[in-house]
Structures are given as structure tokens and as C-alpha cells.
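Trainee: Kindly generate the corresponding structure for this input.
(3 chains)
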Amino acid sequence: MNSKKLELAVGAFMVAGAITLILLAFKVSGLSYQAENSTYNITARFENIAGLGERAKVSMSGVTIGRVTNIRLDTKDYVAVVTMAIDKSVPLSTDTSASILTAGLLGEKYIGLTVGAEEETLKDGDKIEDTQSAIVLEELIGKFLFSKSAAQ
Amino acid sequence: MTDFIQITDLVFSRGERRIYDGASLRIPRGKVTAILGPSGTGKTTLLRLIGGQLKPDSGSIVVDGLNVPALKHAELFALRKRMSLLFQTGALFTDISVFDNVAFPLREHTQLPESMVRDLVLLKLEAVGLRGAAQLMPAQLSGGMARRAALARSIALDPDLIMYDEPFTGQDPISMGIIVKLIRDLNDALGMTSILVSHDVAEATSIADHVCIVSGGKIVAQGTPAELMASDDPRVHQFMHGEPDGPVAFHYPAAPLFGELLDV
Amino acid sequence: MFEQIQSLGRTGLASAASIGRAGVFLIRGINPGRNSKAVAARIVRQMYNLGVLSLVIILVAGLFVGMVLGLQGYNILVSFGSEEALGQMVALSLLREFGPVVTALLFAGRAGSALTAEIGLMKATEQLSAMEMMGVDPMQRIIAPRLWAGFLVMPVLAAMFSLVGIWGGALVAIDMLGVYDGSYWGNMQASVVFYDDVVKGLIKSVIFGLAVTWVAVFQGHDCTPTSEGIGRATTNTVVLSSLLVLGLDFILTAVMLGGF
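Mentor: This is a model prediction of the structure:
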């Protein structure tokens, strides 16, 4: 094997490796070119986020428009403060409501936004006032059983 | 200074076994020195000690004014460019051709252009009679040819010192004759110092200027071949004349045979 | 009884010494020398031996592992009615675990054993010794290019293994089992995170590459230079590097899941 051929083979090997990495990035992990400054941040306070995680989807009418970037606990009011990065091309009215939903019965948690009627839109760093916490299955069953027994 | 190598009070042991126990010898510059001794007395070990591949327990090995065991890594590698060791097997690099084997030290240690490397390699191969085999792979060579190719590689850089490890073993009479002649000619033509390790008394004494006999971890005698042939030391006499038994026992040390046979 | 304790102690001391030698060996063998053009040429040659020549076995194995994951995963997931999650399952298990680990194990068997045998034979035929006597350090000349090549080649092989596996899983899921292709790829893209899954998997494989090559060249260099010594060293390479890969995998996974 002469060294020219050998170099060529190794070169092809490395190029194939690079292509593999690109395919893994875009085809498999769905990485997009979206840069940091093409989104704006809004926060929302929830009484209970029950299993919502960072990087969870934020969607509106079933379309993903952003993701959760940070979750922390407000130690004054003991509520969860969720920060989301929303795509700049999607303006949200100031009376948008946010609720924590579940994909399917046992699927992952995500935030669903419902648009309001106000003319004014939310800006970077604004807060969504109208929020609805996650539905916790155990609580729901508890309530159901309680109302059943109360009715009897 | 007429001695190229001076070894003083060399002590070296491998595991429990003491190979050298206070050996001292000198190798004269520009001469062919034969180191003779029975098999298993550590003659090859001596070459590795001179080359710095093994470190002695104590004693000094001064090669051209440098004490080998005390050298730093880089100094040792610089010294090794000036010496070469012809291994018993030849130790050619099996993955490259004979030509590339001989070119290896030149490409590694000089900045010569490729055309010059080629000329030098062909000259060296011509000297050992293998110019026609330049493009063969080492596996295609016979044992004798492989050793000559290795010899061409050893002299590629025109070293000051060349060490031959058992160059005569396993050679047919013709290639043995060729190698004897080559060793002598190279020594005289290139003015280098040669060390020859062998247990073949007749061949070694035929080309050596100086002979050292190793036995029992010491140098028992050194001098010209004629002096040693005439020596009345019984150990020297036994070895030089190839007598089967004498001060150097035929048997490896063991318990008495009778006892061992009964001991079932 | 006393003899057994003695031999245990001897074995312990011998292994400790061998680990020490391996450590020194790695430090000495990591420096490929200064002449950058020659160094690059040597590393490229070894990348050919270790990488290009391992490609076929890696790709075939990747394809089959992916296809098996597709079949097995489908059978489990279908009983929860969530076979759309198959793409996610196949991709995550390949990228995080099977890609790096199986590639490293195959690499140990294919390239590691060949490395040990090659270097062991060079030692037995005194080629290493001869090189040293010519004033060329075999650590730089022989060992370093192989270590670097192993280090560079492994993540490429692991990435290819995973990609082919994901494709094999898709083949089984979409064409054989009739999973909707949109949900196979869509679910995968939604759940695979580039840094956490792809990059961390590749970091693992870089470390495995170094570990396997290190064990292989050390075993070759440290072997008893006889045919039986080389045989034993080759076996040791496969056994030790496989165990090392699995052990390291546990440690690395624990560290990475811990949020590194």
C-alpha cells in the first residue's frame, strides 16, 4: 500500500466521520441553527410543576415555539418560577395564559400557551400572570373519590 | 588514548544470577576485538551493557570518554548514533523493504536529500553484495542474506563502533566466509572499532587483533590470538583448543545424578 | 495455607508493579516527537491500520445491533401502545451506550489484539532493540503514533456505529414493523440532545479508545518475547481492555448522569 493511497483512505475516513457527526447533530438530535439572540425570555409562576423539566417544550396550538430554560423555587411565596425562551417570530399578548400539560396519559410534561385578546405584547423578561398548574393524577383521584363519598 | 572502550569492575546480575562479577576489559581503537566464551556466559549481555540498553549494578563502562551508565536519555541516544549493533537475527524491520531498512538510519539522523540517501544505500548494499535485493522484503531473504542486509544497515551512518553478536552462528561455510571477509574489510576500510562476540574460536581468532575470554563473570584472559593460543592457563587452554571437559564443566550445576535417579 | 498467602502477595506485588510500568509507559509513549510532518505521516498510517481496516466490522455490527434494538424495543413498547417512542429508544441506547461500548469491545478484538501481536513480534525479533541501538526511541517511533491513532479513530468509529445502528433500527421499525416514519424520526429528534447524548457518548469513546490502545501496546511491549508469551499477551489485551472499558463505562456514566 503506497502512502498516497493510504492518506487518501484515511482522509475519506475522516470526512465520513465528519459527515456522520453532522447527520447525528441535525438528523438525529434535531439541532437547529437557532442562535441565542433569536429568542426572548418570559417567566411564569406555577404552584406545582410536577415533573416539568428543563428543556421541556413550550407549545401553542400544538406547535413548538420555545423551550424551558430554567426552573427555580421562589422561597418567599414557595411557588415555582419557570423561565422560557420563546421564538422572536411569535409575539404573545400580555394576557396569554400558560398551563402545564402532559403528552398522552404517561408522556412527558410540557407548557401549553393560549393566546389572549390584548393588543400589547410581552417583552423580554415579562411575566405571564395567568397560569394553571400541572394536574397531579393522585390529587385528581383523591378529589374524585372524596366527591363520590360525599355524594353518597 | 588508544582504548575505545574501557570497562572497569563491572557487576551485573539478572534476578538472582550474577552474570558479571568484577569484570574489567579494554577494547583498542580501530581494531577487531573478539570476545570469546562458552554459551550462556553473558557475551550478548556485554554488548547490551555497552549500548546502554542494560544498566550495570556497579562499575563503569567508558565509551570514547563517556561513561555509558551515567548518561542521560538524550546523551545516550546521541552516542548510539555513533555505534551500531548487528543482532544475531539481523532484526530487520519486517514491514519495509531491504532498501528502506538500510535507508532508515540515514533518513532518521541526517537531513540528506532523497537522491543522496538512495546513492548511499545502494553503495552500502553493494558493499555487502545485495544491491540486487534492494526491493525485496526481509521475509524473502535467506538467513545469511538477512544478516548481510542488517550489516549494510549497521554501517549506513559510518559508525565509530560496530558490535557483532554471534555473526557466524547458523551460516553455511560460504556465507560465513563472506561475513568474515566483510568484517575485516569494513574495519580496515572505514577505520572503525569492531567488537565480535562469538563462541567460534577458529573463525574469530582468524580475523581478530585482540581477544578477550569471558568465563564465570570475569575476563579470564586478554591478548592477541597467538598469545592466548599459547597460554598455559587451563581454562584458556580448554576453551581455545575446544576440549570437552576441564575446569569449565560440561554439566550445568546439578545434584549428583545417582541421588536424583533414586529420588522418585 | 502459608504458601497460598505468599503467592497471593506475589501476584499482588506483580500486578502493582505492572500497573506502575503501564503508567510510566503511557507518559513516555504520549510524546510522538518533534518532526511534525513525519509524525503526521506515521499517525495517518496507524489510523489506516486501526480505523479504516476496522470499518467493515464496525458498520456491520452497528447495523445488526440497531436492527435487534428495533425488534426488541418494538415488542416491549407495543405492549404499552407507545411504539412511536421506538426511534427515541434506539437512538438513545446507541448514542449513550451501545455505540461507544460495543465499538470499543470490537476494536479491542479487531485492532487491539493485532497491535499487541505486532509489537510483541517486533520485540521478539529484536526490532525494537535494534531501533533503540540505532538511536531512535521506539516509544516515539512505534508506540506514540499507535496511541494517538487509537485515540483519534475511536470516536469516528463509534459515531459511525451509532448512525448505522439508528438507520438499521429505522429499517426494521418502518419497513418491517410499520411504525410511522414521522414519529420514528420526530420522537428521536425531540428527545435526543446534541450535547448530552451525542457529545457525551463521543467523549466516552475517546476515553475508551485511549484505554484500549494503551492496554494493547503496553501488553505487546511488556510481553515475554516468545511465541507463547505473545499469545498470552494478546489474550490479556482482549480480556483486560474489555473489562477496563466496561468498568470505565460505569464510572463515566455515573459522572455524566451526575450532571457533568
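
Trainee: Give me the neighbour count for the closest residue in space to A:Gln132 that isn't next to it in sequence.
Mentor: Distances taken as C-beta to C-beta, 6 or more residues apart in numbering or on different chains place A:Ser99 nearest to A:Gln132, at 3.7 Å, with adjacent residues excluded. To be clear about C-beta, it is placed using only N, CA and C from the backbone, and glycine gets the same treatment. Residues near A:Ser99, counting by other C-beta atoms under 10 Å in any protein chain shown, number 17.

Trainee: Surely A:Ser99 touches A:Lys109?
Mentor: No: contact between A:Ser99 and A:Lys109 fails when scored by C-beta atoms under 8 Å: they sit 10.7 Å apart.

Trainee: Can you see whether stretch A:19-33 contacts chain C, counting any residue in it?
Mentor: Yes: residues of stretch A:19-33 contacting chain C under C-beta under 8 Å from any C-beta of the partner chain: A:Thr20, A:Leu21, A:Leu23, A:Leu24, A:Ala25, A:Lys27, A:Val28, A:Ser29, A:Gly30, A:Leu31.

Trainee: of the residues you listed, closest to chain C?
Mentor: Nearest to chain C among the residues of stretch A:19-33 next to chain C: A:Gly30, at 2.9 Å, using C-beta to the nearest C-beta.

Trainee: give the contact list for the residue most central in space within chain A.
Mentor: Nearest to the mean C-alpha position of chain A, by C-alpha atoms, centre = their mean, lies A:Lys57 at 2.3 Å. Counting by C-beta atoms under 8 Å, 6 or more residues apart in numbering or on different chains, A:Lys57 touches A:Thr64, A:Gly66, A:Arg67, A:Val68, A:Tyr110, A:Ile111, C:Ala190.

Trainee: Identify the bridge partners of it.
Mentor: A:Arg67 (DSSP bridges).

Trainee: And it, how far from C:Gly81?
Mentor: To C:Gly81, A:Lys57 is 21 Å away according to C-beta to C-beta, to the nearest Å.

Trainee: Check C:Phe250 too.
Mentor: Taking C-beta to C-beta, one finds C:Phe250 at 33 Å from C:Gly81.

Trainee: Among the residues of stretch A:19-33 next to chain C, which ones are in helices?
Mentor: A:Thr20, A:Leu21, A:Leu23 (DSSP state H).

Trainee: Check the residues you listed against C:Ser183 and report the nearest one.
Mentor: When these are compared for distance to C:Ser183 (C-beta to C-beta), A:Leu23 comes out closest, at 19.4 Å.

Trainee: these two touch, right, that closest one and C:Val164?
Mentor: No: applying C-beta under 8 Å, one finds A:Leu23 not in contact with C:Val164, separated by 10.5 Å.

Trainee: Which one's more surrounded, the two?
Mentor: For the pair A:Leu23 and C:Val164, the greater number of neighbours falls to C:Val164 (22 against 17), based on other C-beta under 10 Å.

Trainee: Spell out the secondary structure type for that one.
Mentor: Recorded secondary structure, C:Val164: helix (DSSP: H, G, I helix; E, B strand; the rest coil).

Trainee: May I have the residues that are in contact with it?
Mentor: Counting by C-beta under 8 Å, 6+ apart, C:Val164 touches C:Leu59, C:Gly62, C:Leu63, C:Gly66.

Trainee: Of these, which is the most crowded?
Mentor: The contacts of C:Val164, ranked by neighbours (other C-beta under 10 Å): first place C:Gly66, 29 neighbours.

Trainee: centre of the chain versus stretch A:41-48, how much separation?
Mentor: Distance of stretch A:41-48 from the chain centroid (C-alpha atoms, centre = their mean, to the nearest Å) equals 12 Å.

Trainee: got a list of contacts for it?
Mentor: A:69, A:74, A:77, A:79-86, A:92, A:98, A:100, A:111, A:122, A:124-128, A:131-134, A:136.

Trainee: Tell me which helix or strand in chain A has the weakest average pLDDT.
Mentor: Between all helices and strands in chain A, the lowest mean by mean pLDDT, DSSP states H and E belongs to helix A:137-151, at a mean of 80.
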